[in-house]
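Undergrad: Pasting the sequence and the predicted model now:
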Amino acid sequence: MSYGTAGSLRCVTLDDVRGAQKMLSGVARATAMEGSRHLSQLVGAPVHLKCENLQRTGSFKLRGAYVRIAGLLPEERAAGVVAASAGNHAQGVALASSLLGVHATVFMPQGAPLPKVSATREYGAEVRLHGQVVDETLAAAEEYAAETGAVFIHPFDHPDIIAGQGTVGLEILEQCPEVRTVVVGVGGGGLAAGIAVAVKALRPDVRIVGVQAEGAACYPPSLAAGRPVSLDSPATMADGIKVGRPGEVPFGIVGELVDEVRTVSEDQLSAALLLCLERAKLVVEPAGAAPVAALLAAPDGFEGPVVAVLSGGNVDPLLMQRVLRHGMSAQGRYLAVRLRLTDRPGALATLLGALSVVDANVLDVSHVRTDPRLGLTEAEVELHLETKGPAHCVEVGQALRDAGYTVID
């Protein structure tokens, strides 16, 4: 492939994306497009979910990684490739390299989820754990590339990567030709840029909306400044879009072709992940649920039909457990409450009886009887309850106070 100046619109063209689609034939899946009745009712127009969480390796990253590595010269392939990633890009590079017979070394943070580390190794890559954050891991990978001659495979800042990710956009138009709005999560910008190149070239009337986590939203200030701006300390549960600075190449494309970049909160991400699991029966990681979070946050703000791209499903089970509980709490379906009661036989049973009257399901009980903060005849109880919504939470709290219990905020 040939490209113009990095950051210009001509650095990735529709022809490049179409070429990538041919290259990926038999390698990447044309993932399913699933309708969502619940989201459609909420938005007031058809909403479809583009299920890249069902892609090989569990995310869209295989597309760009394969195109990038397949385009290397023979001598570059012989030197091997190196990448840095906390998960999805690591697995994409590992599988792509294995399919192409290229040795891959992948640097991952020391705290990377064990399932992602294991999967990357199983796909055939040599994994090296280094650093506590991705920036440290990235520096180690770049140093390794300089020392060994291995080709560094950037997760988003290269035209080949963007062309590969753009094949998602071609599939969206094939599967939902009547689409009016595409909503896609944004980290460094490779996926959003690729989709925008493909979709806008064929359907300039389609609106492209990017979504970032509030704590890692590097694009809004960068677009306002007209250049990539770095965040000091991005923080979000959505590690797949936890990027502190836009890529130079995707930034130019996103600035020209993406109509809007919105942000969503951690509570909205949790609620979206929970909705995907309960209503769509789809396991999606927090980054992959970002477009759904945007729909939940402002359902009146999207012209339909809408396609929301579920970019990945590689979520650590322990994180899933925490996020689901957080999502239930945000929806008023989970309530944690601490209270004081008199320490006497039968007191705990009486408390649980009061909760049964208001139909609150007790998930966990912590009973403390000896603590300097407590009086001689006091005990403290922490309850985790499953509730039916915000109104029920209020009802439970009021029932406890009416029964004479001191609820501690």
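TA: Done, it's in.

Undergrad: Any idea how far apart the tips of stretch 54-71 sit?
TA: 25 Å (CA to CA, to the nearest Å).

Undergrad: Cross-check the contact I'm expecting between E386 and Q331.
TA: No: counting by CB atoms under 8 Å, E386 stays clear of Q331, with 11.3 Å between them. (C-beta placed from N, C-alpha, C; glycine too.)

Undergrad: neighbour-wise, which of the two wins?
TA: More neighbours surround Q331 than the other of E386 and Q331, with 16 against 13 (other CB atoms under 10 Å).

Undergrad: what number of residues lie near the closest residue to D135 other than its chain neighbours?
TA: Leaving aside its sequence neighbours, D135 sits nearest to G244 (CB to CB, 6 or more residues apart in numbering; 7.3 Å). Neighbour count for G244, taken as other CB under 10 Å: 18.

Undergrad: Quick check, central residue of the protein?
TA: Residue closest to the average C-alpha location in the chain (CA atoms, centre = their mean): A287, at 0.9 Å.

Undergrad: Check the secondary structure at V209 for me.
TA: Of the three states, V209 takes strand under DSSP: H, G, I helix; E, B strand; the rest coil.

Undergrad: give the contact list for it.
TA: Contacts of V209 were listed using CB atoms under 8 Å, 6 or more residues apart in numbering, and they are 181-184, 258-262, 291, 294, 302.

Undergrad: and if you look at P250?
TA: So P250 contacts 156-157, 162, 188-190, 192-193 (CB under 8 Å, 6+ apart).

Undergrad: Mind doing that once more with 6 Å?
TA: For P250, the contact set (CB atoms under 6 Å, 6 or more residues apart in numbering) comprises 156, 189-190, 193.

Undergrad: what about the strands in the protein?
TA: 33-35, 47-51, 81-84, 104-108, 126-129, 151-152, 181-185, 207-213, 260-264, 306-310, 334-342, 361-368, 378-386, 406-408 (DSSP state E).

Undergrad: What pLDDT does the model give G80?
TA: If you check G80, the pLDDT there is 97.

Undergrad: how close does it get to H103?
TA: 4 Å (CB to CB, to the nearest Å).

Undergrad: Repeat that for K22.
TA: Applying CB to CB to K22 and H103 gives a distance of 26 Å.

Undergrad: just L54 next, same as before
TA: Taken as CB to CB, the span from L54 to H103 is 28 Å.

Undergrad: before we move on, back to that, of K22 and H103, who's got more company?
TA: Taking neighbours as other CB under 10 Å, K22 and H103 compare with H103 leading, 16 against 8.

Undergrad: show me what contacts that one?
TA: By CB under 6 Å, 6+ apart, the contact list for H103 reads G80.

Undergrad: which sections of the stretch 1-150 of the chain are below the confidence cut-off?
TA: Residues of the stretch 1-150 of the chain meeting the criterion pLDDT under 70: 1-10, 133.

Undergrad: Just the buried ones from the contacts of V209?
TA: Taking 16 or more other CB atoms under 10 Å as the criterion, what is buried in those is 181-184, 258, 261-262, 291, 294, 302.

Undergrad: Closest one to Q91 out of those, please.
TA: Closest to Q91 out of the buried ones among the contacts of V209 is V184 (19.8 Å), distances taken as CB to CB.

Undergrad: Which pLDDT value belongs to the nearest residue to that closest one once chain neighbours are set aside?
TA: Leaving out its chain neighbours, the residue that sits closest to V184 by CB to CB, 6+ apart is V309, at 4.4 Å. The model reports V309 with a pLDDT of 98.

Undergrad: Noted, bye for now.
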